[in-house]
Structures are given as C-alpha cells and as structure tokens.
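> just to be clear, the model below is a prediction. Sequence and coordinates:
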Amino acid sequence: MKTNRLKASAQRADALTKTTLRKRLKKDFSRNYELYFLAIPIVLYYLYFCYKPMLGAYMAFTDYSPKDGIFGSTFVGLKHFKQFFGSIYFKRLLSNTLIISGTSIVFGFPAPIILALIINEVRNKYFCKTVQTISYLPHFISMVVICSMIKTFVSDTGVVGSLVNSITGGDSSLLNNPKYFVPIYVISEIWQEMGWGSIVYFSALMGIDQQLYEAAAIDGAGRWKQTLHVTLPGIMPTIVVMLILRLGSILGVGYEKIILLYNEAIYSTADVISTFVYRKGLLEFNYSYSVAVGLFNSVVSMIFLFGSNWLSKRVQDTALW
Amino acid sequence: MKIKRSKGETVFSIVNCIFLTCIMVVCLYPIWHVLMASVSDNVEMMRYQGILIWPKGFDLSAYGVVKQNPAILRGYLNTLFVLTVGSTLNIIMTSIAAYILSRRDFILSKPLMIMIVITMYFGGGLVPFYFTVKDAGLDGSLWAIIIPRVINTFYLIILRTAFMSLPDSLEEAARVDGASHIGILFKIVIPLSMPTIAVLILYYGVGHWNSWFDAMIFLRTERERYPLQLVLREILLQNTMADSTVINSDNRPDIGETVKYALIIVSTVPILCIYPFLQKYFVKGVLVGSVKE
C-alpha cells in the first residue's frame, strides 16, 4: 500500500517536473526564440568539429580501414596500445617529451620572472618601455620564420654553428647532432618568449602596495632586501599559478616547432609523442596505431592537469576551476 | 626630498642597465643579421661566417627575385584571404556564441556552457580531426583552415566574461523598447565591448597569419592555394623543393642564400611594423586572458 502510494506520488512529481520543464521551455522559447536559432550554428559547429573527433578516437580500438568506416572496422581491443607499450618507441618518446618539457620549465620558467624583476628596478621610464617593446618583438615572428632562422644560424656556416664547431671540432649543422637538439629548442624558446612571458609578472608587480616598500626602506632594507621580502612575496601567487599551469601541460610539447626543425638523424632526442602521432598517422597512414598513441598521451595529460589543479588547491587555494 | 643613493646602488643600477642592454641586443641581433644579410652580395655572403654588423657588399637583387616569384605573391594573397574572411567569421561566430552563453535568463545557456567547456579539456586528437574535416568535404580548399577552427573556446570565454560585465539594465531597457536579440547584440553589446573585441581580432588575425600546420595537412598538393607560411616553409626549410626554379628564377645559381634572407624580411616586416602601434592591445590581451574564470 505504502509503496504504491509512494510510487504514485513519485510519478505525479515526475509528471509535474516534466510539464513544468516543458512549460518553462515553451515560455523561454516564446521569449528567446531568436537565441534558439542563433544557437543552431554554434551547437552544430561544436558537435561536428569537437565531438565527432572524440567519437572518432574509437579508431584506437579497431583495425581501421577507410572502406569500412570507423564503426565498421574490426574491433581489436587494446592491440595497438600493447604494441606501443612493447615497442622501443614508448620509452624514447616519453623520455624525450619529458626531457624537452622539463628543461623548458627549469630554464624557461624563471627567465621572464627574472626579466620582470630586473626591469622593475630601472627608474628611467623610457628605458623601461624600450626594453619591454624590444623584448616582446621575437614573439611576433612566425614559427616558420623562427625555425628557418634557427636553421641558418646553427648550420655549419652560420653564426652559432661555426662558433660551436670551431670549439668542438665538428663540421656539420648542429641540427644533425642529437645532443644539441634540446639546447637549441630551449634556448630559442627562451629567446622568443621571455619578454612576452614577463607581461603577466609586470601586472603583478604593479599590484604591490608602494607603502610596503616605504615601510621596508624605513626599516633599513636596501633594494636587494626589498626585492627579497616585498617584491617576491608580492608576485608569489602569480608565480605559483603560472607554474601549475605549466606543469599541467608537461606532456603537451608542441609539434609545430619540432616538425619544422627535426630530421631523421636526430629522432633519438627530438622525436616526441605528438610528432610521432603526426608521422604515424598522417605520413605513414597507420591510423589506428597513431590514434592509440594520441589517446594514451591525452589520458596522461589529463592526469597531470587534474593533479596540478589538486596540488594548487592544496598549496594555496588558487585552483583553476 | 632627494634620496641619497649609496655607492652600491649606483653600481647596481649601472650593472642592471648593461644587462638589459645586452638582452635588447640579443633580442634584436638575429633580426638585424637577417636584414643585413638580405642586402649583402650573395657571393661574399656565402664565404662569410660570423657576426654581421654591416652588409657585405651591397646588392638588392635578392628582393627583385622575391618580387618576381609568383608563389610568394600567391601565398600573400591566400593568406590575406584567410586573414580577412577567417577573422570576420571568427568574430561573428564567437560574438554570437558569447552572447548566447552570457544570457542569464536563457534556459539552455548553462548546458551549452558545459558542452563547450568540455571541449577545452578533451579532444579526439589529430587523426580523427583530420578525418572529420575530410568527411566535411573541406579537404583541399582554403575553407579547411577557416571553418574547423572558427571558434576558439578560450577566446569565447574571454568574450563571454566581457559581455557579462555589461550592466543588465541597458539590455533590459532595449528589450522593453522592443529590440530583438540580434539588435541588442550588434547595436549595444558589441559596440560596448569593442576593446575586448579588438584584442580578439588581433589574436585571431595573428593566429591566421602564423598558421601553417592545418594548411599543410589539408591542402597537401594544392600548391596554388598555399598560404604564405607554407610557401616560406618550402623555400626556407625544405631543401627538397619540387620546383627549385622558385629560388633561381633568373638562372643565377649563386643567388639562393641572400634570397632566403630577403624572403624572411619581406614576410616578417608587415607584422613587425604594425606591432609597436598595437602593442598595448596585445598586452591587454595577455592580461584579459590571465584573469581567472
């Protein structure tokens, strides 16, 4: 009896919410019908170009053949994942990705902070502006041009290449030597992005209360002490957020620059997961295998992203979401 | 009141200035080197290694070769097409999406927001994306580099935040006066958000100017549709030019080296010239983007 009554009331409640939802939708539609029409292209765009590829990732579990289509191809389970984990590439790609990314963070992350701190100490406003404008400049050169400049400079007749070769006794482009790839990548990255990256820290520096400096000066702190005890703590929250963001994308080494710079002779240090995915998938037409490697990469990236966000919540209540 | 500086501080300031000057030199030198090399004499340039402060000889013929090359001009025109049409579509679509998502009284704006934010963290990857674009029949046309990336979700959220910060009373007043949503969007919301829109136009524009990867995978052999960056890549980075005549169009095999430098200058100068005037917008963009959601 009782259960019956409960069920009935639940059904009634259900019906009630249903009608109210329908009613609400109807009311909303009569008022905002334009928005519904405007939303159509947006929804279609996201469904087609963002969600359809997600379904397409199912290819990783099949032996994809173009004539059978994604869902018509034979299901093979984890075959491609096993093949990848068992291959020599797995260790090499993972360690290359981590080395390139890690070196970029260790050297590239502090660079804009140091630059911002130094420019902050300059009292002459015009000099300040000039340094800023010029240090932002490399950011605006396109990747293709940057890479061709790198290639020219480190070639055996280029400025850097001939200098290094005269010290080490080498005689070919530095880009043909596996051991120079990481330094070339990281140094050029710092050169290009140091100035641009410092903008965020400048704005944080602007936010520091000037009275703190006065108080510190009265207490007898020199400029070094002021930097250490006022400026650095002042921009620390920004530094932590930026670092967490950066750590979250540690596996996301961009393929564009590497594809433009590397060649077969230096795959041993330059080949990373994303370039491997590109090569296997679009150049060697090994579709399913490539998707499997890419899927592995995204899953590990997600773990890093959520992990770093969790860390930031623990450390200082500044989570990204 | 003049604060007396200690000796140590003076030394510190001088060292600072010297250090920053070095940084400026390092930032500028590669560009200067390319500029000087481009007006140098090719034969002398081939023999010369090391730092270049003034041109070796003086010869502008490299620029002549660049000017005569049809592939480069075509690349420029293709890039201009993508830049204008692409950025226009980008802004229209992003504005519409941001407007819909910023309506607090619209039932679907929350679900749509969730649907859109998910795509920032999950994606299908390169190969499924490639097939999706191919299935849409865009393969081989310039639309393949415009339509699949017509909305950048990150920029969309920036614009939504800007739209939401406008006072509700303005739009309510317009609604009472009988204005339609489209009217409110184009006559009230967009004009009032012009600073943010300007930043997004710049960012979309620079993105189109620099992009080459999508063009490479979708255009493949459609050489006459190549945007500038892809033409540059062929000439500057891939020595396996299908038609090496692109470089030596007037049969002077000795001219290749300086032509490359001239090409870099020709393709980079437009952006470097307009950048100082737009710097403050770009800087603003960085700060808008760093504001947490």
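All right, it came through fine. Note that the coordinates shown come from a computational prediction; the quantities given were computed from them, not determined experimentally. Numbers count the residues shown, from 1 in each chain, chains lettered A, B, ... in the order given.
> tell me which element whichever residue of the stretch 101-250 of chain A sits closest to chain B falls in.
The stretch 101-250 of chain A approaches chain B most closely through A:S148 (3.6 Å), counting by Cβ to the nearest Cβ. Every residue, glycine included, has its C-beta placed from N, CA and C. Secondary structure from DSSP states H and E places A:S148 in helix A:143-153.
> can you give the contact residues for that helix?
Contacts to helix A:143-153, defined as Cβ atoms under 8 Å, 6 or more residues apart in numbering or on different chains, come from residues A:138, A:141, A:158-161, A:173, A:175, A:184, A:188, A:192, A:256-257, A:260-261, B:30, B:33-34, B:210, B:212, B:229-230, B:232-233, B:236-237, B:260, B:264, B:267-268.
> same question for stretch B:17-28.
Residues contacting stretch B:17-28 (Cβ under 8 Å, 6+ apart): A:115, A:118-119, A:122, A:127, A:130-131, A:134-135, A:137-138, A:191, A:195.
> now these: which count as buried?
A:L115, A:I118, A:I119, A:F127, A:V131, A:I134, A:S135, A:L137, A:P138, A:W191, A:G195 (16 or more other Cβ atoms under 10 Å in any protein chain shown).
> quick one, strands of the stretch 1-150 of chain B?
Taking DSSP state E, counting those that start in this stretch, the stretch 1-150 of chain B contains no strands at all.
> could you do chain A as well?
Ranges of strands within chain A are A:62-63, A:74-75, based on DSSP state E.
> count the neighbours of B:T221 for me.
Other residues lying near B:T221 total 7 when counted by other Cβ atoms under 10 Å in any protein chain shown.
> report pLDDT for it.
On the pLDDT scale, B:T221 is placed at 80.
> so it: helix, strand or coil?
Put simply, B:T221 is coil when judged by DSSP: H, G, I helix; E, B strand; the rest coil.
> next, it: phi, psi?
Main-chain dihedrals, B:T221, degrees, to the nearest 10: phi -100, psi 0.
> how about low-confidence regions in the chain?
No chain in the question, so chain A it is. Scanning chain A for pLDDT under 70 picks out A:1-19, A:316-321.
> please go with chain B instead
Using pLDDT under 70, chain B drops low at B:1-6, B:43, B:46-47, B:50, B:239-255, B:288-293.
> can you narrow the contacts of stretch B:17-28 to ones near chain B?
Restricting the contacts of stretch B:17-28 to those within reach of chain B (Cβ under 8 Å from any Cβ of the partner chain) leaves A:115, A:118-119, A:122, A:127, A:130-131, A:134-135, A:137-138, A:191, A:195.
> go ahead and confirm B:V199 touches B:V283.
No - counting by Cβ atoms under 8 Å, B:V199 sits too far from B:V283 to count as a contact (9.5 Å).
> would you agree A:V160 is in contact with A:Y180?
No - using Cβ under 8 Å, A:V160 is not in contact with A:Y180, being 9.7 Å away.
> which neighbours do those two have in common?
With Cβ under 8 Å, 6+ apart as the test, A:V160 and A:Y180 both reach A:V154, A:L174.
> quick one: the nearest residue to A:I134 once chain neighbours are set aside from B:Y275, how far?
Distances taken as Cβ to Cβ, 6 or more residues apart in numbering or on different chains place B:M24 nearest to A:I134, at 4.8 Å, with adjacent residues excluded. Separation of B:M24 from B:Y275 (Cβ to Cβ, to the nearest Å): 16 Å.
> one more: A:A111?
21 Å.
> before we move on, what about A:W310?
A:W310 is 39 Å from B:Y275, by Cβ to Cβ.
> also A:A39?
37 Å.
> likewise B:V133?
Distance of B:V133 to B:Y275, computed by Cβ to Cβ: 31 Å.
> look at these two and report which has more neighbours.
A direct count of neighbours by other Cβ under 10 Å for B:V133 and B:Y275 places B:V133 higher, at 23 against 18.
> so where do the helices sit in the stretch 101-250 of chain A?
Remark: helices assigned in the stretch 101-250 of chain A by DSSP state H, counting those that start in this stretch are A:110-121, A:125-136, A:143-153, A:159-168, A:181-206, A:210-218, A:223-226, A:232-248.
> ok so, going back, counting neighbours, go ahead and name the busier of A:V160 and A:Y180.
Legend: neighbour count by other Cβ under 10 Å for A:V160 and A:Y180, higher for A:Y180 (21 against 17).
> burial count for the residue nearest to that one when sequence neighbours are not counted?
Spatially, and ignoring its direct neighbours in sequence, A:Y180 is nearest to A:L174 (4.3 Å; Cβ to Cβ, 6+ apart). The number of residues packed around A:L174, counting by other Cβ under 10 Å, is 25.
> thought A:L174 was touching A:V154?
Yes - between A:L174 and A:V154 a contact is recorded at 4.0 Å, counting by Cβ under 8 Å.
> next, show the common contact partners of these two.
Common neighbours of A:L174 and A:V154, counting by Cβ under 8 Å, 6+ apart, are A:V160, A:G161, A:V164, A:Y180, A:I184.
> next up, the contacts around the third one.
So that's A:V164. If you count contacts by Cβ under 8 Å, 6+ apart, A:V164 has them with A:V154, A:G170, A:L174, A:Y180.
> could you do the last one as well?
With Cβ under 8 Å, 6+ apart as the criterion, the residues that contact A:I184 are A:I150, A:V154, A:L174, A:L175, A:L261.
> need the contact list for the second one.
By Cβ under 8 Å, 6+ apart, the contact set of A:V154 is A:V160, A:G161, A:V164, A:S173, A:L174, A:L175, A:Y180, A:I184.
> now the longest helix seen in chain B: how far from the chain's centre is it?
When chain B is parsed with DSSP state H, its longest helix is helix B:256-290. Centroid separation for helix B:256-290 versus its chain: 8 Å, with Cα atoms, centre = their mean, to the nearest Å.
> could you measure from A:A60 over to A:Y289?
Relative to A:Y289, and taking Cβ to Cβ, A:A60 is found at 8 Å.
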